[in-house]
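Colleague: structural data only, the sequence is not supplied:
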């Protein structure tokens, strides 16, 4: 491991170029986010024209019932999605890692399809489906906006949780579970007392990632949401057609802070996890890249 | 050349054949998600396929299936559709390649050049934009690219441009937007692939007389090809169906297929035609991915073959 250090001490022009390229790339990635944060302090009437600096947009955002309602809808949706996705994904992740059978390749293909299908296609498929279930077949539960939002957002998140839990299980020694089984623990006790505590970091981080994922979802949500339960990104998308006001940037900044807090917790959990795949962020990246 | 194959998979220990506690049906835990996916992913798409054979009977009805035909596909495959489809494909191909070109040096820098203590932090910095709201980030570009925005006035005041910036609401703005929005999805798999690259292989290549250039092309690139393929797929597929970026940045001159499909379901209320367009989009996306994937695999085989041939001819020395 001494070679990379030795190589770095010699200042090579290509290394310098790579560093500049990397830093420019990071600046590029953060540029529009910084712009939005800066413009959330714009006291002007429209978002685009910066007139003065102040916290008025934050006050306006928090006192605008349309905005706070939409954020509430988003938070409820995100919580529901986190629960559904964690339950579905944990079960599937464990089954894929431990009880893989003839169905495993098929399920992996399905999960892959869920993850790579263009969002717009999922969105336009779910709209007629919910109408069929709710209106034509009279299953009125599917007419409730909140139910539709949770179902629609849970698919992608469940796939994410599945892969996170599966990765965690794969890196885990099976001997503890076998020991429990040899000591006549019932499958249920074995799951609750042994498996679940061991994979807890993966489950919690999966839940939190599902939460942030559905908090930000726009496309699917805008197709399935019904009047009265507009989630926050759909509210922004709708205001795009009229005019954007600084309150939107202000609330987005607050939501960004929330997302950062949640991600920070995920990283802390993964880092403290002794059996996890090394550094928290690297494990997260590995999972997201589908390994 | 087994050493040049994928990084060795951990060898699974021999599993006991029968376990007495195996009373629960095998893989029961995966059943709920399977049901969920069939119920809210497969069946809905099946319904879309079914609708695509129907028609829109009158102004107030979105679809009808009492007469089945392929007419909607004929209608969908109109010159207007092909024009927008062509633009979408161009934006997607150029965008995916630009992402690869921008992301590879970044991922290489992060995984190979950066000190390990900085790696986690920089990786987190790449992940944060990915996890922040897609729409909000795109609006950030809309503000920045606007003709009377701050970037435009700054560029004008230093006389780089003489007239206000005319990028917003063109396909150029969409191109920039998609490269920006999907860049993290290319960086991540490349980073993972490069990080797993065993430095010993690079050392071995040097020790065997390989220059930095040949080591890069014959060791680093082939070993990260799987990461690059994953990145290409992760960027290209969602990009083809992107609906937000062209809506925020594209205007009429930069519209993409996703908006056409959405329009049939929202403003036009013609679910039959919209469904046919969605099916065509899916065929195009997965067809292109399959062709590109096949080509990459072929190129990979040829490269491996060429490498092994060069190495075998050099071996006798």
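Modeller: Perfect, thanks for sending it. On a predicted model such as this, the values are computed, not experimentally measured, just so you know. Numbers count the residues shown, from 1 in each chain, chains lettered A, B, ... in the order given.
Colleague: strands along the stretch 51-200 of chain A, start to end?
Modeller: In the stretch 51-200 of chain A, no strands are defined using DSSP state E, counting those that start in this stretch.
Colleague: list the buried residues for stretch B:278-288?
Modeller: Of the residues in stretch B:278-288, B:278, B:279, B:280, B:281, B:282, B:284, B:285, B:286, B:288 count as buried by neighbour count, 16 or more other Cβ atoms under 10 Å in any protein chain shown. C-beta here means a position set from N, CA and C on the backbone, and glycine is covered the same way.
Colleague: can you list the low-confidence ranges for the stretch 1-150 of chain B?
Modeller: Applying pLDDT under 70 to the stretch 1-150 of chain B flags residues B:1-26.
Colleague: next up, the contacts around residue A:142.
Modeller: Residue A:142 makes contact with A:130, A:133, A:134, A:148, according to Cβ atoms under 8 Å, 6 or more residues apart in numbering or on different chains.
Colleague: can you get me a residue count around the last one?
Modeller: The reference is to residue A:148. 26 (other Cβ atoms under 10 Å in any protein chain shown).
Colleague: same check, this time on the second one
Modeller: If you count neighbours by other Cβ under 10 Å, residue A:133 ends up with 20.
Colleague: ok, it to residue B:104 distance?
Modeller: Going from residue A:133 to residue B:104 by Cβ to Cβ, to the nearest Å gives 46 Å.
Colleague: the buried residues of stretch B:278-288: which ones sit near chain A?
Modeller: B:278, B:281, B:282, B:285 (Cβ under 8 Å from any Cβ of the partner chain).
Colleague: and the second one, what element?
Modeller: Element membership of residue B:281, judged by DSSP states H and E, is helix B:271-314.
Colleague: nearest to residue B:200, of the buried residues of stretch B:278-288?
Modeller: Nearest to residue B:200 out of the buried residues of stretch B:278-288 is residue B:288 (Cβ to Cβ; 37.4 Å).
Colleague: how about the closest one: what's its closest non-neighbour residue?
Modeller: Nearest non-adjacent residue to residue B:288, counting by Cβ to Cβ, 6 or more residues apart in numbering or on different chains: residue B:236, 7.3 Å away.
Colleague: was I right about the one you found contacting residue B:292?
Modeller: Yes - counting by Cβ atoms under 8 Å, residue B:236 does reach residue B:292; the two are 7.5 Å apart.
Colleague: of the two, which one has the most company?
Modeller: A side-by-side neighbour count of residue B:236 and residue B:292, using other Cβ under 10 Å, places residue B:236 first with 24 against 16.
Colleague: is that one in a helix, a strand, or coil?
Modeller: When classified by DSSP: H, G, I helix; E, B strand; the rest coil, residue B:236 comes out as helix.
Colleague: need the contact list for it.
Modeller: Neighbouring residues of residue B:236 by Cβ under 8 Å, 6+ apart: B:92, B:93, B:96, B:285, B:288, B:289, B:292.
Colleague: ok so, going back, now, which of the contacts of residue A:142 lie within helices?
Modeller: Among those, the members falling in helices (DSSP state H) are A:130, A:148.
Colleague: for the contacts of residue A:142, give me TSV that also has pLDDT.
Modeller: TSV is the format used below for the contacts of residue A:142 (pLDDT from 0 to 100):
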residue	pLDDT
A:130	93
A:133	91
A:134	88
A:148	93
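Colleague: burial count for the residue of the stretch 101-250 of chain A found nearest chain B?
Modeller: The nearest approach of the stretch 101-250 of chain A to chain B comes at residue A:118, 2.1 Å away (Cβ to the nearest Cβ). Around residue A:118 there are 23 other residues, counting by other Cβ under 10 Å.
Colleague: got it, and residue B:146?
Modeller: Residue B:146 has 19 nearby residues by other Cβ under 10 Å.
Colleague: got the buried residues for stretch B:97-109?
Modeller: So for stretch B:97-109, counting by 16+ other Cβ under 10 Å, buried means B:98, B:99, B:100, B:102, B:103, B:104, B:105, B:106, B:107, B:108, B:109.
Colleague: out of the residues you listed, who's near chain A?
Modeller: Among those, the residues within reach of chain A (Cβ under 8 Å from any Cβ) are B:102, B:103, B:105, B:106, B:108, B:109.
Colleague: wait, isn't the second one in contact with residue B:231?
Modeller: Right, the one you point to is residue B:103. Yes - in this structure, residue B:103 is within contact of residue B:231 by Cβ under 8 Å, at 6.8 Å.
Colleague: can you list residues touching both of these two?
Modeller: Counting by Cβ under 8 Å, 6+ apart, the residues touching both residue B:103 and residue B:231 are B:186, B:187, B:190.
Colleague: what sits against the second one?
Modeller: Contacts here follow Cβ under 8 Å, 6+ apart; on that basis residue B:187 touches A:25, B:103, B:106, B:107, B:110, B:126, B:231.
Colleague: turn those residues into CSV, columns for distance to residue A:198.
Modeller: Shown next, in CSV, are the contacts of residue B:187 (distance: Cβ to Cβ, whole Å):
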residue, distance to residue A:198
A:25, 37
B:103, 35
B:106, 35
B:107, 32
B:110, 31
B:126, 29
B:231, 32
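Colleague: residues contacting whichever residue of the stretch 151-300 of chain B sits closest to chain A?
Modeller: The minimum distance from the stretch 151-300 of chain B to chain A, using Cβ to the nearest Cβ, falls at residue B:241 (2.1 Å). Residues counted as contacts of residue B:241 (Cβ under 8 Å, 6+ apart) are A:117, A:118, A:119, A:120, A:121, B:257, B:258, B:281, B:285.
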